[in-house]
Every structure is written in structure tokens, then in C-alpha cells.
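Q: Would you be able to build a 3D model of this:
(chains A and B)
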Amino acid sequence: MKSLFRNCIYQGKNLFRDFGFVFWSLLYPIILSGFFYVAFSGIMNMDFKDIDIGIEEGNPIQYILEEIDILKVHTISRDQAEEKLIDEEIKGFIDGDLNLIVNKSGINQTIIKEILEQIRQMERLNRPLENYDFQVDYILNKNQEANMIVIIFYSLIAMVSTYGVFAGIVAVSLIQANLSHIGARINITPLKKYNFLIAGVIVALALNLFANGVLILFIKHALKLQLFNEIKYSSLFIFLGNLLGTSLGILIGASNRKSHGVKNLMAIATTLFLSFLAGMMSPDIKVIIDKKMPILGGINPISIISNNLYRINLLGSTKSVREGALLLTLYSILLLFSSYMFIRGRNYDSI
Amino acid sequence: MVVKVRNLVKRYKELIALDHFNMEVEEGEILGLLGPNGCGKTTAINCILSLLSFDKGEVEVFGRKMTPDAYDIKQKIGLVPQEVSVFENLTVRENVDYFCGLYVDDKHLRRRYVDEAIEFVGLKDYVKFYPKKLSGGLKRRLNIACGIAHKPKLIFLDEPTVAVDAQSRNFILNGIKELNKEGSTIIYTTHYLEEAEMLCKRIVIMDNGKDLVSGSKEELKAMITTSEKVVVSFTSISDEELSEMKGLPHVIDIERDGEEYIIKFESGINNLTKLLEFIKEKELIYTKLHSQLPTLNDVFLELTGKELRD
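A: A predicted model of the protein is given here:
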């Protein structure tokens, strides 16, 4: 126990002072979150009030549109419409056949399209337009878009929760005589290999959880984004992400004799690719995968974490918590078992 | 016997790194493992320490078979590896304390041992430095401190002076003598024959994974035919005179090295006197003349047909 504690302290110091760790686990996620915030802040802070819309005089749906709070209806001719669309005085124009004419696409145009679609559906169903539900909150569309951006941040947190991968790589290379000089030195001491490795895993989890905490505080206080309404299950998934990342790092570290830099690149490539599939670069990717290959979203660990964070915190649903947690635990066990197959050898064919 | 190695064979596919290698180390001695780069010295050490698997042979340390989980044997061993093997992000003191702590649990005793090791290698002024801030020589000293702080009974030093400045080298060599005086048995690998001559009580000469010969340096030198060498620089000498010189009693060979002639004698008495009489008789003029005993390089040369530093 004493030896484990000493190993934790010294491995912790060694890792925490490592520039690679500080950059990839602590600074890089903050830089990335800042970058995402700047890139998507236009969408997140968009004002959805008074969307200017043009309509021809005498159009039967004019009075419906005028009843919708977020729309500002202008009665104009078709010729005027083209000019106003170019000058961006109106976001869209609805002609007599209920076709929407826009000059460019965007969230405002999407909202108008949604409203128009509902009116068309009522027409097709021969329902009187007087029954139009003015309580429908079309701003939900805006929320939907904004929530898509939140997916990016949940994906980012999911990704960095797996950044224990770097510490995992370090921990295993320090104990394998065929991977590092220190490994060879430690192997001839009375220290048991598993003792050092357990300390490495504890340190990796502790420091990466700390880095995750720093990122979440940065998002909350510096970017002013409230992502977490629920702590218990959110923490569980972040912890499981850390366990998975560390286990993956141990496997990457133990399974090959490439240089430390190459192993780090392998780790970055793996986590970045899984995060890409989980919608970190563009939420559309996630939408496409969920539509075309739902199984992929279901087994991608970053998706499991980001989806659950999303469901738990935004939808208040814990329906998939058990399944997700079990799957992540299973992944970690499999990764650790595979790593064990590589590091169980007690002496080496070559160093 | 502290270490006993019998018929050790280690193969890397087609390459035979150790070819029925034998070695015995007695308690309290400094044993030199001498051989050119790539001859298998480090492989031998790694096999003895159970870091490397081997194909054939037996290794005993402190009278017991050495295995990777022989932790009680490992407790008595210290290793100073060829490569500097320390944590780059721990300070000098933290590094020494970490490695010492793998052997010594008692906090107070460990503190004393760490202080002594740091003092011993002369790094007292650098305790808060990170290894990357140290020069090559100081790093090597730290590498040594990490291997010896726990006061092991058996120390393996694998080429500890490679790429070290003269000052640090002397410091290290004197330190090794000191460790031996304090009771540690030392196995010292090197390809520097001067170091082996200076330090070691017994020497094992290795080449191509084999132990060629072993013994004290006097015993090794007695094994070869050359017992004395005289080096002379003549202002001029004819081929006839040279061949007459070759006919002198006990002369084995005469080699030319630039301006110098190296005249090799087999064992005999008054070799130098007879040579000087010949020079006087032929009225040869020389600018330099000195006699020297054979070196370990001569031993290696005669055994393998190549220079030790080839």
C-alpha cells in the first residue's frame, strides 16, 4: 500500500510536469472548446425575434402569419420581393402557391419553411386554417439548432474524457523493459510490475479527471454554457470515459514498439476519429450516422458518452444510462485484458 | 560465488548474441567484462538479471537460480544501465529517492541513503535540477546514484563512462573503487581497456558472444607470447639492419608504426640490453626508445587478430 502510494506520488509528479500531458490533456481541450465557441457563437447567440417575411397581398395565409409572434409580415409584390431578398430586408417570400422563395439558407429560413410546411399539411388534410395552432413554439427549431451545437460540446467532453489514453501510454512504457530504459531499470528492482501499473492507472484517472474538471469549469464560467444539470450520471460517464481512455492507452502502449510520439498520434487519431463519428466536427455527421448506420452510433464509445450526457442533461432521460455504462465498462475490461496478454511476459526476447 | 553463469546461449533469430558464455564472480571483487562494442556484454548482463530470456544455460545469483520474480535476490542488486535511465520530469533528488524507495521502506534510512548517494556522486549542488538541465557527465552521475543509493551487495555497471568528459570519468572510476572498498561486488562492462586495467581484479575478455579468457590482468598477459615491447624511433635504418635485428634472441616480430618501430620479444632476459648492444654495434641513431609491457589490447589482438577498438 505504501509502495503504491509512493508510486502514485512520483508517477503523478512525472506526468503532471510533462509538457505533452499538460498540452494534450489540459490546454488542447480548452483551446478546442474556445475554437468551437467562436466558430459557432453566431448560431448560438442568434436573435430569432421579428423574422421579416414577404407575402403577396391577398394571400389567404397572411392573417395566420401575422398571428405568429416571431414573424414580421410585409405585404409586397413579387418584383419587390426579389429586391428585398437581395437587400436582406426580408428573409423569405411566400408566393400565392405557398412556395417559399429565399435568397440564402439559414435558421430563419428554416423556421419559415417549418411554418409553411405545417400550413401545407393542414391544407392537404382539408383542415380549416382557422384551426392553426398558434401555440406551436417554432423557436424550438432554434433550440434544436442550438442543441446541435451543444452536441459538439458534449462530444468534446466525451473525447477529452478519453484522454487518459496519453497517461496510459506513459504508464505502460515505463514498466516494460522492451519499451523504455526506465522500464528495464524498474524491472530489475523488487517492485512488482502490477504495483507500478496500478499506480499508473490511478494517476492517469486522477490527472485526467482533473483536466476534465478544468475544461468543464472553463466551459461553464468562461464560455457561459450550462451543459450539466445532472451530476451523478454525468460524472459516471466522464469517469467511464477516463477508464476507457486509460485502458486504450495501456493497450496502445503495450501492443507495439513504435516511438512514444507515434503512439500519441495513434491515440489522437483514434479518439479524434471516434469523436468525428460522434458529431464533434459537425452535428450533421451524427445525424447521418444515426439515420444510416444507427449501430455505429450505438457502439462508438464517444457517441455513447456524448449521447448520454445529452440525454441526461438536456432531455432529463436516464433510459440509456445502464446500457451505455455497461458497454463502456465492457470495452475497458476487454482493452485491459488485451493489454494483459501483451505485458504478462516477465522477461523479454529482446530489449 | 556471487554470480555463476554456465554455457549461456542467446540467439536473435540467426544471430548468436551469446555463444556458450561462462562467467564467475567472487564476493568482493571487481570483475571487468571487456570486449568491443556489440560483443554481447550488455546482453550477458540482461540475461543474468533475467530481463532477457535465453535459449540455453544456467544463471545463479547469490547461489540461487535467477528468475524474473526472484524479488529477494533483486533486493540485493543495483544496476547502472548503459543508457541514462531516469525520469526526465523528476528532479535529481526525486529520482534518487524514487529508485532508493523501491528497495528501502524506512523513510529516515532512505533519506540518509539518498543524501549519501547524492554526496557520493557529487550532485549536492544540483538536487533541484531536472535531468535535462544537467550535462552528459552529470547525468551519468545521476544514473549511478539511482543504481547504488540503496547500498546493494552486487552492482552491475554497464559502460558507465561512455560519452563522459575526463573529469567525470575520473570521478566515476574513483567512486567505483570506493563502492568496492565499502563491500560491494562489482561487475563492470567496458570497451575501454585502460579502465579495466585500472579497476578490475579479474577480467573476462569477450568477443562474438564468447568468453575468450578470464583471469587477473597479469594472468591474461602471461597467456600471450609477447612479454615485452620496445618502441624505437630511428633517424634511419636499412632493410638489412632490420632483418638482422629480427634475428636477435627472443625477437618475435618488428612492426612499423609511422616513425616508430615496435620490437616484440617473447619471454626472456636482458632483451633490452641485447637490443641496445645491437644498436651501438651498428651505430644506429635513435631519437626515442622505451620499453613497455604488453597491454590488454595485445592480449585481445593475439587472441582475436583484431584491435579491441575495431
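Q: Can you give me the end-to-end span of stretch A:99-108?
A: 16 Å (CA to CA, to the nearest Å).
Q: nope, stretch B:53-65 is what I was after
A: 14 Å.
Q: In space, what's closest to residue B:235 - neighbours in sequence excluded?
A: Leaving aside its chain neighbours, residue B:235 sits nearest to residue B:285 (4.4 Å; criterion: CB to CB, 6 or more residues apart in numbering or on different chains). Using the backbone N, CA and C atoms, a C-beta is placed for each residue, glycine as well.
Q: Where does the residue nearest the centre of chain A sit: helix, strand or coil?
A: Against the mean C-alpha coordinate of chain A, by CA atoms, centre = their mean, the closest residue is residue A:155 at 1.0 Å. Following DSSP: H, G, I helix; E, B strand; the rest coil, the label given to residue A:155 is helix.
Q: correct me, but it touches residue A:280?
A: Yes - checked against CB atoms under 8 Å, the pair residue A:155 and residue A:280 is within contact range at 3.7 Å.
Q: quick one on the thing from earlier: from residue A:303, how far off is the residue nearest to the centre of chain A?
A: 8 Å (CB to CB, to the nearest Å).
Q: anything in contact with each of those two?
A: Common contacts of residue A:155 and residue A:303, defined by CB atoms under 8 Å, 6 or more residues apart in numbering or on different chains, comprise A:278, A:279, A:286.
Q: Of the residues you listed, which is the nearest to residue A:223?
A: Ranked by distance to residue A:223 (CB to CB), the shared contacts of residue A:155 and residue A:303 are led by residue A:279 at 18.6 Å.
Q: Nearest spatial neighbour of the closest one, chain-adjacent residues omitted?
A: Residue A:279's closest residue in space is residue A:286 (CB to CB, 6+ apart), at 2.9 Å.
Q: Same check on residue A:15?
A: residue A:21 (5.2 Å).
Q: what helices or strands is the helix or strand hosting the one you found leaning on?
A: Using DSSP states H and E, residue A:21 sits within helix A:19-21. In this structure, helix A:19-21 packs against helix A:164-175, with contacts taken as 3 or more CB pairs under 8 Å, 6 or more residues apart in numbering or on different chains; DSSP states H and E.
Q: about what we covered before: the residue nearest to residue A:279: helix or strand, and which one exactly?
A: helix A:283-292.
Q: Following the chain past that helix, name the next helix or strand.
A: Helix A:283-292 is succeeded, C-terminally, by helix A:294-299 (DSSP H and E).
Q: Just the pLDDT for residue B:224.
A: Looking at residue B:224, its pLDDT is 84.
Q: typo on my end, residue B:287
A: 91.
Q: Surely it touches residue B:233?
A: Yes - shown here, residue B:287 and residue B:233 form a contact pair, counting by CB under 8 Å, at 4.7 Å.
Q: Can you give the distance from the helix holding residue A:21 to the centre of its chain?
A: Computed by CA atoms, centre = their mean, to the nearest Å, the chain-centroid distance of helix A:19-21 equals 23 Å.
Q: Just the buried residues of it, please?
A: For helix A:19-21, burial by neighbour count (16 or more other CB atoms under 10 Å in any protein chain shown) applies to residue A:21.
Q: got the contact list for it?
A: Residues contacting helix A:19-21 (CB under 8 Å, 6+ apart): A:15, A:166, A:167, A:170, A:207, A:264.
Q: would TSV of those residues with neighbour count and pLDDT be doable?
A: Converted to TSV, these look like this (neighbours: other CB atoms under 10 Å in any protein chain shown; pLDDT from 0 to 100):
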residue	neighbour count	pLDDT
A:15	25	92
A:166	30	90
A:167	32	90
A:170	24	89
A:207	24	93
A:264	19	89
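Q: Now residue 258: phi and psi?
A: Using chain A here. Torsion angles at residue A:258 (phi, psi; degrees, to the nearest 10) stand at phi -70, psi 170.
Q: next one: residue B:12
A: phi -110, psi 90.
Q: Look at residue 40 and say how many residues are nearby.
A: You didn't say which chain, so I picked chain A. Per other CB atoms under 10 Å in any protein chain shown, the neighbour tally for residue A:40 reads 18.
Q: try again with chain B
A: Neighbour count of residue B:40, defined by other CB under 10 Å: 24.
Q: Where does pLDDT dip in the stretch 201-310 of chain B?
A: Along the stretch 201-310 of chain B, the model assigns pLDDT under 70 to residues B:309-310.
Q: Would you tell me which residues of chain B are close to chain A?
A: With the criterion set to CB under 8 Å from any CB of the partner chain, chain B comes near chain A through B:12, B:46, B:49-53, B:68-69, B:71-72, B:74-75, B:77, B:79, B:81, B:83-90, B:94, B:98-99, B:101-103, B:105, B:146-147.
Q: Among these, name the ones in helices.
A: Counted as lying in helices by DSSP state H, out of the residues of chain B next to chain A, are B:46, B:71, B:72, B:74, B:94, B:98, B:99, B:101, B:146, B:147.
Q: Of those, just the buried ones, ChimeraX syntax please.
A: Typed into ChimeraX, the line below selects the buried ones among these, using 16+ other CB under 10 Å:
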select /B:46,74,94,98,99,101,146,147
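Q: from the ones in helices among the residues of chain B next to chain A, which is closest to residue A:299?
A: residue B:98 (41.0 Å).
Q: I figured that closest one hits residue B:91, correct?
A: No - contact criterion CB under 8 Å: residue B:98 and residue B:91 do not qualify, at 10.2 Å.
Q: Pick out the most distant pair among the contacts of helix A:19-21.
A: A:207 and A:264 (15.7 Å).
Q: still on that earlier bit, next up, phi/psi of the residue nearest to residue B:235, please.
A: Taking degrees, to the nearest 10 as the convention, residue B:285 sits at phi -100, psi 130.
Q: re the thing from before, now, which of the shared contacts of residue A:155 and residue A:303 sits nearest residue B:5?
A: residue A:278 (56.3 Å).
Q: What about residue 282, how many residues nearby?
A: No chain was given, so I picked chain A. 13.
Q: try chain B instead
A: Residue B:282: 13 neighbours (other CB under 10 Å).
Q: contacting residues around it?
A: So residue B:282 contacts B:241, B:244 (CB under 8 Å, 6+ apart).
Q: Also residue B:210?
A: The contact partners of residue B:210, taken as CB under 8 Å, 6+ apart, are B:19, B:20, B:21.
Q: looking at the residues you listed, which has the most residues close by?
A: That'd be residue B:21 among those, by other CB under 10 Å, with 25 neighbours.
Q: ok, now how distant is the residue nearest to that one when sequence neighbours are not counted from chain A?
A: Leaving aside its sequence neighbours, residue B:21 sits nearest to residue B:8 (CB to CB, 6+ apart; 4.3 Å). From residue B:8 over to chain A the distance is 14 Å, taken as CB to the nearest CB, to the nearest Å.
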